[in-house]
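> Can you look at this prediction? I've put the sequence above it.
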Amino acid sequence: MVRIITTKEEVETFRDSWKELCRNSNNVTPFQTIDYVLSALQTVSQNKGNIHVVCYYRQKDNSLQAIFPWYVDKKKTLRFINDIHTDFCNGIVRKESIGDYHLWDDVSEHIKTDPNIRRVRFDNVMPNSYMLAYFGYFLKPAVIFCNNAYSVLSVDKRQSDQNFLYTIQLPNSTERNRLKKICNKMDDTEFEVYKLPSSYPKEILDNLMAQMVKSKIRIETYFSQIRNVVESLYAAGLLLVCVTKKNGQPLSANLFLKEELSNEYYNWLVFYVDKQYNLWNVLQSVEYISTEGGNLNFCRGTYEYKMRNFRPQLHNLYTLRWSKSLWGQIRDIADMSFYQLKQVVKKSIKDKMRIFAILHEPASYTIDRNKAVYDKLDTRYVFKNL
């Protein structure tokens, strides 16, 4: 049996049953918790959409088996709440009900017959999500393709007198030595971790946000969508704010959502005045995590500083598209093709920019992989492809 929740107040009444369902479900991250969803519901009104949380009850005993935290946007597209800023989107399904065909069939039938839904767009779905397979079958024809990736770094518990860099698995000593040199530059910085019961570091984050807007790293609209969400999550005890300062001035902040059971830190948002300070902050965050050990989930995006400096394990993220009309289905296929084309174009532009930068370096330029300039350009790749 399908039940639709359409108000934030009604979602709040599900707090206890929602938590119980999360405890008995697989593939649940902090992004599926009731506190995150309640905080993120603020973005629905900003996007002029309607809450459309789908709950599925088993008919024989009227027990809650699944929750899908969705909303319908102004274009009548069914999406995950706050999917733009939610790195891992997923439904919450009881373990023993994953293979229940009635569940997937009934929810799919609701999607097909609801006049307020024209399309489905489920972004940032993890590769082990049952949604991809079951909705891919029941919502035929559905288009599923990889739309991003995420990475995870395992951090061992640090032993006494051990350098924290030895708690992460790096391919060779050369890369570890390079990180040591970076750490030496950080000696005059301070590192602080803010979490409850400490007060929310509003002034620090507002300062960093303003500097990012001024430097045109981000636009103000981006922060207006997440500012209140961030503060709400901190108040709910889900958020850790790791800040690097120099002479009392904030240089970078990494915001982590923590999963207590698995001791996994989700590196959700990053604020900084310069990219090098962000790397410093990540290194100090790794040192902080190494006191207990755990996983550092870098979340969505295979950014160069993550890949080259830490060599984390990579995993794909997927999007699932479905439309009621033939033209909508054609558009879904076009979206998939456009995404692939965009990757080709972006790679070509980046290659040309790297070549241009190298050709315009001064005569003293060297291709020594240990020099600072190598940190800016992957010279092995560029010269291989000249």
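Cool, got the structure. Since we're looking at a predicted model, the values are computed, not measured.
> contacts, neighbours, all on C-alpha from now
Fine.
> Beyond the strand ranked longest in the chain, next helix or strand please.
In the chain, taking DSSP state E as the definition, the longest strand is strand 143-155. Beyond strand 143-155 on the C-terminal side, the first helix or strand identified by DSSP states H and E is helix 173-184.
> got the buried residues for that following helix?
Across helix 173-184, burial judged by 16 or more other CA atoms under 10 Å covers 176, 179.
> who touches it?
Applying CA atoms under 8 Å, 6 or more residues apart in numbering, the contact partners of helix 173-184 are 165, 170, 280, 283, 309, 370.
> neighbouring contacts of the very next helix or strand once past it?
Remark: after helix 173-184, the chain's next helix or strand is strand 190-194, criterion DSSP H and E. The contact list for strand 190-194, computed with CA under 8 Å, 6+ apart, reads 200, 201, 240, 241, 242, 243, 244, 245, 246, 248, 281, 284.
> Also stretch 119-130?
27, 76-80, 83, 86-90, 98, 132, 147-148, 315-324, 328.
> which residues in the stretch 151-300 of the chain form strands?
Secondary structure of the stretch 151-300 of the chain (DSSP state E, counting those that start in this stretch): strands located at 190-194, 239-246, 249-259, 264-272, 294-300.
> Using TSV, lay out those together with mean pLDDT.
Below are the strands of the stretch 151-300 of the chain laid out as TSV (pLDDT from 0 to 100):
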stretch	mean pLDDT
strand 190-194	95
strand 239-246	96
strand 249-259	95
strand 264-272	95
strand 294-300	95
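> The ones you listed: which one's closest to residue 23?
Of all the strands of the stretch 151-300 of the chain, it is strand 249-259 that lies closest to residue 23, at 11.9 Å by CA to CA.
> buried ones in that closest one?
Under 16+ other CA under 10 Å, the buried positions of strand 249-259 are 250, 251, 252, 253, 254, 255, 256, 257, 258, 259.
> Over to stretch 179-194 now: how far is its first residue from its last?
Stretch 179-194 has an end-to-end distance of 25 Å (CA to CA, to the nearest Å).
> pLDDT below threshold where in this structure?
The chain contains residues with pLDDT under 70 at 45-47, 171, 343, 346-347, 350-386.
> Pick out the residue closest to the middle of it.
By CA atoms, centre = their mean, the chain has its centre lying nearest to residue 87, at 2.6 Å.
> Let me see the backbone angles for that one.
Backbone torsions of residue 87, given as degrees, to the nearest 10, read phi -70, psi -30.
> got a list of what the closest residue to it other than its chain neighbours touches?
Nearest non-adjacent residue to residue 87, counting by CA to CA, 6 or more residues apart in numbering: residue 300, 5.5 Å away. Shown in contact with residue 300 (CA under 8 Å, 6+ apart): 87, 88, 148, 149, 150, 151.
> ok, now which ones touch the fourth one?
Taking CA under 8 Å, 6+ apart as the contact definition, residue 149 lies against 300, 301, 302, 314, 315, 316, 317.
> Likewise for the fifth one?
Counting by CA under 8 Å, 6+ apart, residue 150 makes contact with 297, 298, 299, 300, 301, 302, 314, 315, 316, 317.
> where's the nearest residue to it once chain neighbours are set aside relative to residue 308, distance?
Using CA to CA, 6+ apart and skipping residues adjacent in sequence, the residue nearest residue 150 is residue 300, 4.5 Å away. The gap separating residue 300 from residue 308 is 16 Å, by CA to CA.
> now residue 229
Residue 229 is 31 Å from residue 308, by CA to CA.
> same question, residue 198
To residue 308, residue 198 is 34 Å away according to CA to CA.
> With neighbour numbers in mind, choose between those two.
residue 308 (13 against 10; other CA atoms under 10 Å).
> Against residue 268, how distant is that one?
For residue 308 relative to residue 268 (CA to CA), the value is 19 Å.
> now the helices for the chain?
Under the criterion DSSP state H, the chain carries helices at the ranges 8-12, 15-23, 34-40, 42-46, 101-113, 130-138, 173-184, 202-214, 220-235, 275-290, 304-310, 326-359, 379-384.
> Now do residue 61: how many residues are near it, please.
7.
> Then residue 96?
Neighbours of residue 96 (other CA under 10 Å): 11.
> do the same with residue 5
Around residue 5 there are 17 residues (other CA under 10 Å).
> got it, and residue 131?
As a measure of burial, residue 131 has 20 neighbours, counting by other CA under 10 Å.
> can you tell me how far it sits from residue 258?
24 Å.
> for residue 94, same thing?
The spacing between residue 94 and residue 258, counted by CA to CA, is 22 Å.
> and the residue nearest to residue 150, how far is that from residue 216?
Between residue 300 and residue 216 the distance is 21 Å, computed by CA to CA.
> Could you do residue 51 as well?
33 Å.
> out of the two, which sits in the busier spot?
More crowded of residue 51 and residue 216, by other CA under 10 Å: residue 51, with 24 against 10.
> Can you mark which positions in stretch 258-265 are buried?
Residues 258, 259, 264, 265 are the ones in stretch 258-265 that count as buried (16+ other CA under 10 Å).
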